[in-house]
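> Kindly return the folded structure for what I paste below:
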Amino acid sequence: MNNGHTEILSIAPGQVQPINLDGRNFFVVFAPVEIDIKLPGDEFVSYGQGTGMGDLPDGKVFKRLEVRNPSLGTILVKIYIGGPLYRDSRAAIIEPKTRGIGWAGVSIPATSGVTFTGITAGLLIRRKAIQVTNLDAALDLQLRDPDGNVILTIFPRTSITLPISEEIEVYNQNGSAVACNISETWWTL
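Okay, here's the model as predicted:
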């Protein structure tokens, strides 16, 4: 039985890597996404950073863990396997990586809108914010929720950043097209 060991793994998308160490417990010290961990004879269970499994009952010991990456990108994970229980009281102070993605359009036609779903793809984890610049000199734009209710108005020649991860629509309620720039900031792997 060890006194505690930390293992760092680089795991490709969908891949499983074993950790062949004796332990009574484990703790996910770092993982950019939830990962799947399996004890011998059990099924995979999801664990996020800052979670783990306490001591096995009756002083039992496992000899192997299998760690699976369910995400679409290669990730680095750090796992503690112990003897003594791992206690982590740190607070994350660095934000995950982000990526800006611009909308290909240049204007929104009269009385119509453009919906941004917030649905992830590829290495995108979650949308952090949407940015809208109203380039028109006189006409407003609106941000609307999925039910068509106005969340806020973007006045002429102004920009807004709204930290929202779910569906939102940029809507032109006017009788003529409104020029605009729209982009999304996404957290990535």
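> contacts, neighbours, all on C-alpha from now
Noted.
> show me what contacts Leu56?
Going by CA atoms under 8 Å, 6 or more residues apart in numbering, Leu56 touches Arg24, Asn25.
> how much space between it and Lys63?
Relative to Lys63, Leu56 is positioned 12 Å away (CA to CA, to the nearest Å).
> give me every residue that touches the residue most central in space within the chain.
Centroid-nearest residue in the chain, with CA atoms, centre = their mean: Ile125, separated by 3.3 Å. By CA under 8 Å, 6+ apart, the contact list for Ile125 reads Trp186, Trp187, Thr188, Leu189.
> Which two among those residues are spaced furthest apart?
Trp186 and Leu189 (9.9 Å; CA to CA).
> In terms of neighbours, single out the busier of the two.
Neighbours were counted for Trp186 and for Leu189 using other CA atoms under 10 Å; Trp186 has more, 23 against 20.
> what pLDDT does that one get?
Note on Trp186: pLDDT of 95.
> ok, residues contacting stretch 147-159?
Here stretch 147-159 makes contact (CA under 8 Å, 6+ apart) with 131-145, 160.
> Poorly predicted segments of this structure, please.
Residues of the chain that meet the criterion pLDDT under 70 lie in 1-2, 89-93.
> 90 instead, please
1-4, 30-33, 49-50, 54-60, 71-76, 82-97, 119-126, 188-189 (pLDDT under 90).
> can you confirm Asp58 is in a strand?
No: the assignment for Asp58, made by DSSP: H, G, I helix; E, B strand; the rest coil, is helix rather than a strand.
> Perfect, I'm done here.
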